[in-house]
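K.L.:
got a sequence here, can you model it:
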Amino acid sequence: MQEALIKNKNTKNKRTSSSKKNISNNIIFLVLCVLVVVFLAPILFIIINSFKGKFFISDNPFSLPTKETFVGITNYINGLEKTGFLGAMGWSFFITTMSVIVIILFTSMTAYYITRVKSKINSIIYYLFVFSMIVPFQMVMFPMVKLADTLHLANPIGMVLLYLGFGSGLSVFMFSGFVKSIPLEIEEAATIDGCNPLQTYFKIVLPILKPTTITVAILNAMWIWNDYLLPYLVIGLSTKYKTIPVVIQMLVGSNGNRDMGAMMAMLVLAIIPIIIFYLLCQKHIIEGVVAGAVKG
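P.N.:
Take a look at the predicted model:
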């Protein structure tokens, strides 16, 4: 009799805990749904207004296009003609691609060296990289512009060097955390087989760093592609090397002379490449972040 009562009590407890777990899961699901809506709402807002006439966007920006307000792809054509968007996309693609490649190559090698070679100097260098992540860009903005002008960095190659400097802190931090998780025995075996340090790095270590490498590439690509302030300050509006955010900002105009429809259309075109890149690589993000941060 007592055993039956105990079993019934245990069953009720399990049902109660299961019910509470289901309620908590439902709450979490609803919260996540709300967050998805919050994050996607601006993108939907831009897409809707990219098909509306520029005079109707200000009147009712949150309404769907109607027969009166719908202008088809006119905004896209106007935006391409006014901004030189295709040329800006080419320069953005070049700067983003080269910057990501250079950041991955140099920061991963730096992280490998300062992690494997233990010394006080390397420890100081590591903490300097970490400290650089918390320094606001506004603190170094004006000295950086002056230095860029002095060194003639107002060109795509110069932008790559500047992005290497600004992107090194987070990248070295993530790579260092992952390198610590790689067993030394693997590198020792490679050395016994006749590999020198460079061969060990490129043939053994770098392939193992793939998850963190993809994560670093995604984070830096999204940042560099969407960055407006650094290209605007260094390259400016008077050169042919303008990037996508800079030419889109030109559509704002002055004295109220702005083409909101064309600007919305160009924003849609600007986010398409980075969304495609993100979707292709998203499965590696969690794996890379967890491996790089937790192991560190």
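K.L.:
quick one: low-confidence ranges for the stretch 151-296 of the chain?
P.N.:
253-257, 284-296 (pLDDT under 70).
K.L.:
contacting residues around the helix or strand where Y127 lies?
P.N.:
Using DSSP states H and E, Y127 maps to helix 120-132. The contact list for helix 120-132, computed with C-beta atoms under 8 Å, 6 or more residues apart in numbering, reads 110, 113-114, 168-169, 172-173, 176. Every C-beta, even on glycine, is put in place using the N, C-alpha and C of the backbone.
K.L.:
by contact count, what packs against the helix or strand following it?
P.N.:
Once helix 120-132 ends, the next helix or strand along the chain (criterion: DSSP H and E) is helix 137-150. Packing contacts for helix 137-150, counted by 3 or more C-beta pairs under 8 Å, 6 or more residues apart in numbering; DSSP states H and E, involve helix 156-179, helix 229-234.
K.L.:
just say which of the ones you listed is most tucked in.
P.N.:
Comparing the helices and strands packed on helix 137-150 by mean neighbour count (mean count of other C-beta atoms under 10 Å), helix 156-179 ranks first with a mean of 21.
K.L.:
who's in contact with the helix or strand following that helix?
P.N.:
Sequence-wise, the next helix or strand downstream of helix 156-179 (DSSP H and E) is helix 184-192. Helix 184-192 is contacted by residues 116, 199-200, 203-205, 208 when judged by C-beta under 8 Å, 6+ apart.
K.L.:
list the buried residues in helix 184-192.
P.N.:
Buried residues in helix 184-192, counted by 16 or more other C-beta atoms under 10 Å: 187, 190.
K.L.:
pull the CA atoms of it into CSV?
P.N.:
C-alpha atoms of helix 184-192 as CSV (Å, rounded to 0.1, in the frame of the first residue of the first chain):
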residue,chain,number,x,y,z
LEU,A,184,50.7,19.8,-27.9
GLU,A,185,51.2,16.2,-28.8
ILE,A,186,49.8,16.8,-32.3
GLU,A,187,52.4,19.5,-32.9
GLU,A,188,55.2,17.4,-31.4
ALA,A,189,54.3,14.5,-33.7
ALA,A,190,54.5,16.9,-36.7
THR,A,191,57.9,18.1,-35.5
ILE,A,192,59.2,14.5,-35.2
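K.L.:
if anything else comes up later, I'll come back, but that's it for now.
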